[in-house]
Every structure is written in structure tokens, then in C-alpha cells.
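Trainee: Quick one, structure for this:
(chains A, B and C)
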Amino acid sequence: MALDLSLLNPQQRKAVVQSEGPVLVLAGAGSGKTRVIAHRVVHLLEQGVAAGAVLAVTFTNKAAAEMKERIVRLAGGASDARRVTVSTFHAFGMRIVREQHQALGLPAKFAVLDAGDQAALVKRLLRDLKVDDKRFDVNRLLGILSRLRTGGAPGHSGDEYELCAAELLPKYQLGLRAMGAVDFDDLLLLPLALFGKDTALLQKYQGRYRYLLVDEYQDTNDAQLALLTQLAGLRRNLCVVGDDDQSIYGWRGAQVRQILKFEGKFPGCAQIFLEQNYRSSGNILAAANAVIARNPGRKPKSLWTDRGRGPRLRLVAAPSDEAEARYVMDEIIRVSYEEKISLREIAVLYRTNAQARPFEEALRLGGVRYRVVGGTSLFDRKEVRDLVAYLRAALNPRDEVALLRIVNVPARGIGDQTVARAQELARARKSTVWDVFAAAPAELSQAAERIADFVALMRKYGARLVGKGFSEAARDLVEEVGLFDEARRGAQSLAAQARKVEAVQSLLRQLIEYEQREEQRAAEDTEDSEPFAAGLSGYLARITLDSREADGDSWDAVTLMTLHGAKGLEWRCVFLCGMEEGLLPHSGRGFDDSGSEPRADGALDLEEERRLCYVGMTRARERLILTRAVERTKRGKRVPRTPSRFLEDIPAELLETIDLRGPLPAAPKEVQQAKARSFFASMNELLGEE
DNA sequence: ACCGGTTTTATTTTT
DNA sequence: TAAAACCGGT
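Mentor: The predicted structure is shown next:
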């Protein structure tokens, strides 16, 4: 029953056993850091620490789920390990904001705005300021706004974006509060402010969480570090685990310097280096090391492995992006057929979501099961967002972003004029558009009757969506409002129509499922303080904080995802695709239709791109295939491409180079592939889908 | 206010 | 290329 520490190496053991005081663990890729965290938690429990006193923070919801699973398994299930809190920073913040919503002046069912909603709000504010919203890229403004609030890297002050954002900031925050809504940053900033003001409250939380662990520490921002510092208090039982070489969220305010800051905030903290890599074969590790070594100013690390060298890395040049995808498809079939690597052990990684398309097509054509993680999710679809906005507006009509989105969708005779007048009235009276609608529709001329109907509709469903049976109410709402017809409109092909309707239906299905699960959970008692509220508002908060689709990774399929999504994961076989200048390293708007040369302006964060490449390479355990296209379809046009500069850093002896522009592959290989393909076709038929 | 057709414009990564 | 923004007729 006792935790077996003998399977850990000395450094890992030290990181596990050093339970008290601040600890900084610098864990190279594949050095077993998840393992260390899990062991550390279970070790704490064995020392007699109550499970409820342990808080482990991860970067993604998926990582949190996996970590919890691992802890429970390691603890042997017998103990109360389930009560350990494992969550993302944002989910943790959500819990606090929810528990303290009254002190924060928020309604019980406050909304959480996602990036799209934030953009809508900023656009509205710009128009209020009579600023031409075409002059500014709203997303860039949002980035600056976020950095201003969370205190990330100081921007180049003085330029017009900084000035505009500075002017926007107070209005933005007032707007949020008037709507009774919060954004992602608020989930960190509101607790931070609350704790700063209310010492007794802070002490309560400090008493609740006495042991803190943070994974992916290199990707935290200043607000997160501040929150951690508050919680750690004088006890200072804070253990952070990170790797400066894997810091890939600089654009979100994370700083590599964060690791150094920890040493500053917690002088004399224990420092532990995990340098033995247990994941990748020697060749893969050597190549990845060669790439990352060229980054200046990193904490010197020398990752090593005692595993064999393994096969060489493969470097493939395909004539086009389609050919690249076809090659990957063929190779996946070959590898899974010949080397008996199952599809779930294979990943196709790329820099941008847009690259997924050709791979999806090729894999579908080849009959290979795949799963696209991230990217345009269900909740990025317009029709789904409309429905979500309906639900939100009905639940909380002060949620103006949601209300304005659907007030005239489908068209119901409440047009721009009416809405603009209502907004003006609202501003003059210091109330909200909803209040104007509800209180005095007569003042809004001919549309009065329409508005009254709309108000009645919202009230009706606002009542029905609150308690039990909300999923059924949502379905009725879709029917009554005619959202299916609305979805069908504006899609030219029948297939597109079907997809849209299907998307709406799938959200409704999810709602039903969610409600059933919640009832079940309520039946088996769980007094755990969930981060999320009960009912529909909890569901809505959950989906904006965790938009990954519910369908698990249970079935055997190849994984397609971005490099960012791949952090923390591993596969036996990894395809790292699009190894081209402009793509990896990515250069924002740096390359145009005419050429492939990235513009030599500072917009390209080469160091972070290099780390991204490193992260991708180190995901592979046994086989790593790097691919690039010589020519790529970009925005409908053929564009020539040049190889990524990162490829030059990999020693040639580690590489096996294949040029698909050369002579056709030998016949036997073709035969094998055909065989494999029919094998998969029959497998899929057996599994009974499509 | 609404609709349909035309033109423009965007293209990183995600909690 | 595809989706959003725009425009002008009804």
C-alpha cells in the first residue's frame, strides 16, 4: 500500500519528498514530471495531509483530468484521494468567483465571456467612443487589454493601439460589470483583488489549501503568480514544475522569466533538475536538443537517455500540401500495419489549425480513423453560438453581448435602428438595453409590439431554463424561435445546411446528456464544492472554460492537433508537418501571396517558435517524421515554400531524407499499401460506421 | 427592415 | 477559399 519510491530516480525522489517550503522543479521534456507530481501528491496524503488541503493546478482541463486519474490510481483508490483538487487556474478562479459572487457584486448566474464575446463587447465600446472600428484590429486590442490587466510584458507604449486600449480599459471593465459577466482574466483578477482586500477571506482559503502544486509553470502569467503567492502565504508550501524550453504561451502573457521570478519571490527555494528523459529514443532526443540548443539565455540543461538510438528521423519533402497529406496517410497505414502501432499511438502535429484540412481529407480517403482535437469546435459555429446566446440571454438578459446577438436572429423586426435607439436610451438612463426593452417598449415607436413579444419570449424561457428540465426547455426554444430554419438559411449547399442543423442538434443532445449526468451525480451525494454552478448556467460556464468536445479518446484513432495542443502529450509515432519558413517558424502576416520569404520585421518571435518546434519533436517516443511541402495552397493560390530553418540545426547523420519529387516509389511498397488499405477498410466496416 | 448578391478581407497558437 | 462585411433594391 505504501508508495514505492524506489522506481524513481534520485532527483525525482527528492522532488517528491521535499514536501515543505517552496520548491522549483526544472523538468526537461519527458523527464517524468507528471509522474513526480502524482507521486508528490500521494506522498503528501501518506504523510497525513488531508486530500482536501491539496491543490494541484494544471494548464488544460485535459491535463487536470489525467492528473487526477493518475493520482487516484497511484493512491490505490482506497484513500480519499478523489478529494484532491486538480484544476486549471481558470476553473479554480471560477470556483472562488462563484463562491464569492455576492461580495463581487455579480449575479449568481453570471456569464463567462469567451474571446468572441469579448470582441463583440470591444467593438461596441469602440463605436460608443465614435472610433472607427476598422482602424483597429479588435483581437490585437484584446491582447493588449489582457496584458494591461494581468501585468504581462509591457508593450511598446505610445503607439496608437496602446493608447486606444488604455482608454478602453475602464469602459471595458464597467461594461462587464453592468452585464453581470466576467471574462477569462477576471477569473484570476477578481479573486486576486478580493484576497488583497479581505484578509480574513484570504486566510480562509489559505487554510483550505495548504499544499500547492503547479504544472507547466513556465506558462503562467503575473496574475497567476500573484494568486499563488497569496494562497501560499507564510506557509509557502508551493511546488512549481516547469521547463523554460517549453514556454509557448508568450502571446498570452506568459514569460520565460517566470521561472526566474519564482526564485526572486521565494529566495532559498529548493531547486531540482530532472534531466533524464524516459520518453524518446536517442536520435529523437539528440535532434530536439540540437534545435533548442540554439536558443540564447535558457537555463542550461542536458537531457540524456539510456535508451537506444532508435531509427533515424525521417525528413520528407513533398511536392504539395496535398502530397504531404497523402504521404502521411500512406505512412500511417504502413506503420500501423507493419509495425503494429495502433492508431491511438500516432499523432499528426502542425502549427496552425488551418493545416488540418488536407490531412482530414487524405485520411478520410484512406479509410484511416482520425480525431481532430481543438480547432473549430462545435462552439465556434455561428448557429451554435446563436443558440448559446439565446440561452445566456434568457438566463441573464443583462448579458448584453448575448442579447444583442440574438435580438434580431432570426429577423423579427427589431432592426439596427431600434437597437441603436434602445442603446442610447440605456446609456442616458444608466440602465441596460434589456431594461429599456422591458420597461418602455412604447418609446421605441413601431417596433413596440415586436419588442414586447421578444421580452415575453425571453421571460418565458428565462423561467423555464432555470431549474430542472432545462434541456427540454432549450429544445422547445429552438422550435419556437425557428433556429433550425435560421441555421439552414445562409448555407448554399444542402450538405452545409445539414451540417448546421446537425450542429444545433448536437448541442441539444449534449444538454440532455449533461442534465442527466447532473441528476445522477446529485443522486449519489457529492458535497464537493464544484467550481461550476448547478444547472444550465453551470453548463454554459463549463463550455466556455473547456470547449473540448465531450466524446472521449476512447476509440482508436489518429490524433490531429496543433503543437500547442500537443504539449504534455506523447505518442509512439509523431508526424511534425509543415516544416517550412513562415509556418514553423510562423510569421504572423509576414508572408504574402507572392513569395515565401518572411518579412524581416520583429513580428516573429523566433525563440518561442523554436521552443514550439522542440515541444513537437519531443512528443515522439519511437518515430519522428518531419514533413514539408515545396508548394502549398494558400488562400486559393499556389505558393512556393522554403524549408524551415530549424531543419538546418539537426545533424545530418540523424536524418533519413526522402524527396517525393523524385522517382516513384518501388512497386512492392505500393502493393503493401493497397493491402493495408483494404485491411483498414474491412476493419472500419467491421466497426460498423460509414 | 429585409433580402440577395457582390466585394472585401483575413489567416496563430487557447484558458 | 471561405466567411464576413457591404450595398442597393424592394
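Trainee: Report all helices and strands that the host helix or strand of residue A:507 contacts.
Mentor: If you go by DSSP states H and E, residue A:507 is part of helix A:494-523. Judged by 3 or more Cβ pairs under 8 Å, 6 or more residues apart in numbering; DSSP states H and E, helix A:494-523 is in contact with helix A:382-395, helix A:470-481, helix A:483-488, helix A:535-545. (Each C-beta comes from the backbone N, C-alpha and C, glycine too.)
Trainee: Run through the residues of the stretch 251-400 of chain A sitting next to DNA strand C.
Mentor: residue A:382 (Cβ under 7 Å from any atom of the strand).
Trainee: burial of the residue of the stretch 251-400 of chain A at minimum distance from DNA strand C, as a residue count?
Mentor: Here the stretch 251-400 of chain A gets closest to DNA strand C at one residue, residue A:382, 4.9 Å apart by Cβ to the nearest atom of the strand. A count of nearby residues for residue A:382, using other Cβ atoms under 10 Å, gives 13.
Trainee: same deal with the one 4 residues further on?
Mentor: Residue A:386 has 21 neighbouring residues, counting by other Cβ under 10 Å.
Trainee: hmm, who's touching stretch A:502-515?
Mentor: A:378, A:381, A:383-384, A:387-388, A:468-472, A:474-475, A:478, A:483-484, A:487, A:536, A:539, A:550 (Cβ atoms under 8 Å, 6 or more residues apart in numbering).
Trainee: Recalculate using a threshold of 7 Å.
Mentor: Outside stretch A:502-515, the residues that touch it by Cβ atoms under 7 Å, 6 or more residues apart in numbering are A:378, A:381, A:383-384, A:387, A:470-471, A:474-475, A:478, A:483-484, A:487, A:539, A:550.
Trainee: And these, which two are furthest apart?
Mentor: A:484 and A:550 (22.0 Å; Cβ to Cβ).
Trainee: more neighbours, those two?
Mentor: Comparing residue A:484 with residue A:550 by other Cβ under 10 Å, the one with more neighbours is residue A:484, at 16 against 13.
Trainee: which ones are touching the nearest residue to that one once chain neighbours are set aside?
Mentor: Distances taken as Cβ to Cβ, 6 or more residues apart in numbering place residue A:501 nearest to residue A:484, at 5.5 Å, with adjacent residues excluded. With contact set as Cβ under 7 Å, 6+ apart, residue A:501 has these partners: A:484, A:487-488.
Trainee: Tell me which residue of chain A lies closest to DNA strand C.
Mentor: Closest point on chain A to DNA strand C, by Cβ to the nearest atom of the strand, is residue A:636, at 3.3 Å.
Trainee: Next one, pLDDT for that residue please.
Mentor: Residue A:636 carries a pLDDT value of 75.
Trainee: Residue A:178 too?
Mentor: Value for residue A:178, per-residue pLDDT: 88.
Trainee: Just to be sure, residue A:40 is in a helix?
Mentor: Yes: assessed with DSSP: H, G, I helix; E, B strand; the rest coil, residue A:40 lies in a helix.
Trainee: list the contacts for it?
Mentor: By Cβ under 7 Å, 6+ apart, residue A:40 lies in contact with A:15-16, A:213, A:239.
Trainee: who wins for most neighbours among those residues?
Mentor: Per-residue neighbour counts (other Cβ under 10 Å) across those peak at residue A:239, which has 30 neighbours.
Trainee: any idea which helix or strand carries that one?
Mentor: Counting by DSSP H and E, residue A:239 is found in strand A:238-242.
Trainee: now, among the contacts of residue A:40, which is nearest to residue A:92?
Mentor: residue A:213 (12.1 Å).
Trainee: Now do the phi/psi pair for the closest one.
Mentor: Dihedral pair for residue A:213: phi -130, psi 140, per degrees, to the nearest 10.
Trainee: related to what we said a few turns ago, so what pLDDT did the residue nearest to residue A:484 get?
Mentor: The model reports residue A:501 with a pLDDT of 84.
Trainee: Repeat that for the one 10 residues further on.
Mentor: If you check residue A:511, the pLDDT there is 91.
Trainee: And the one 3 residues further on, by the same measure?
Mentor: In this prediction, residue A:514 carries a pLDDT score of 89.
Trainee: Assumed residue A:657 was part of a helix.
Mentor: No: per three-state DSSP, residue A:657 lies outside any helix segment and is strand.
Trainee: which sections of the stretch 201-350 of chain A are below the confidence cut-off?
Mentor: Scanning the stretch 201-350 of chain A for pLDDT under 70 picks out nothing.
Trainee: Get me the contact residues on it for DNA strand B.
Mentor: So the stretch 201-350 of chain A meets DNA strand B at A:248, A:251-252 (Cβ under 7 Å from any atom of the strand).
Trainee: PyMOL command to pick out the buried ones of these?
Mentor: Buried subset of these, written as a PyMOL selection, criterion 16 or more other Cβ atoms under 10 Å:
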select buried, chain A and resi 248
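Trainee: helices or strands next to the helix or strand containing residue A:201 in the packing?
Mentor: Element membership for residue A:201 (DSSP H and E) is helix A:199-208. The helices and strands touching helix A:199-208, judged by 3 or more Cβ pairs under 7 Å, 6 or more residues apart in numbering; DSSP states H and E, are helix A:186-197, helix A:222-232.
Trainee: Identify all contacting residues around that helix.
Mentor: Residues from elsewhere that reach helix A:199-208, judged by Cβ under 7 Å, 6+ apart: A:194-195, A:230-231, A:233.
Trainee: helix, strand or coil for residue A:434?
Mentor: Following three-state DSSP, residue A:434 is assigned to helix.
Trainee: hmm, I was thinking of residue A:316
Mentor: Assignment for residue A:316 (three-state DSSP): strand.
Trainee: The one helix or strand residue A:425 maps to near DNA strand B at all?
Mentor: Assignment of secondary structure by DSSP H and E places residue A:425 within helix A:416-429. Yes: applying Cβ under 7 Å from any atom of the strand, one finds helix A:416-429 in contact with DNA strand B at A:416-418.
Trainee: Now find how far off-centre stretch A:352-367 is within its chain.
Mentor: 21 Å (Cα atoms, centre = their mean, to the nearest Å).
Trainee: buried set for that stretch?
Mentor: Buried residues in stretch A:352-367 (16+ other Cβ under 10 Å): A:353, A:355-356, A:358-359, A:362-363, A:366-367.
Trainee: Is there any residue in that stretch that contacts DNA strand B?
Mentor: Yes: using Cβ under 7 Å from any atom of the strand, stretch A:352-367 reaches DNA strand B at A:352-354.
Trainee: ok, back up a step: same list, the residues of the stretch 201-350 of chain A next to DNA strand B, but as TSV with secondary structure please.
Mentor: Converted to TSV, those look like this (three-state DSSP):
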residue	secondary structure
A:248	coil
A:251	helix
A:252	helix
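Trainee: Check the secondary structure at residue A:348 for me.
Mentor: Following three-state DSSP, residue A:348 is assigned to strand.
Trainee: How about it: which residues does it bridge to?
Mentor: Taking DSSP bridges as the rule, residue A:348 bridges to residue A:560, residue A:575.
Trainee: what's the burial count for it?
Mentor: Residue A:348 has 28 neighbouring residues, counting by other Cβ under 10 Å.
Trainee: what's the answer for residue A:160, then?
Mentor: 9.
Trainee: how close does it sit to DNA strand B?
Mentor: Distance of residue A:160 to DNA strand B, computed by Cβ to the nearest atom of the strand, to the nearest Å: 16 Å.
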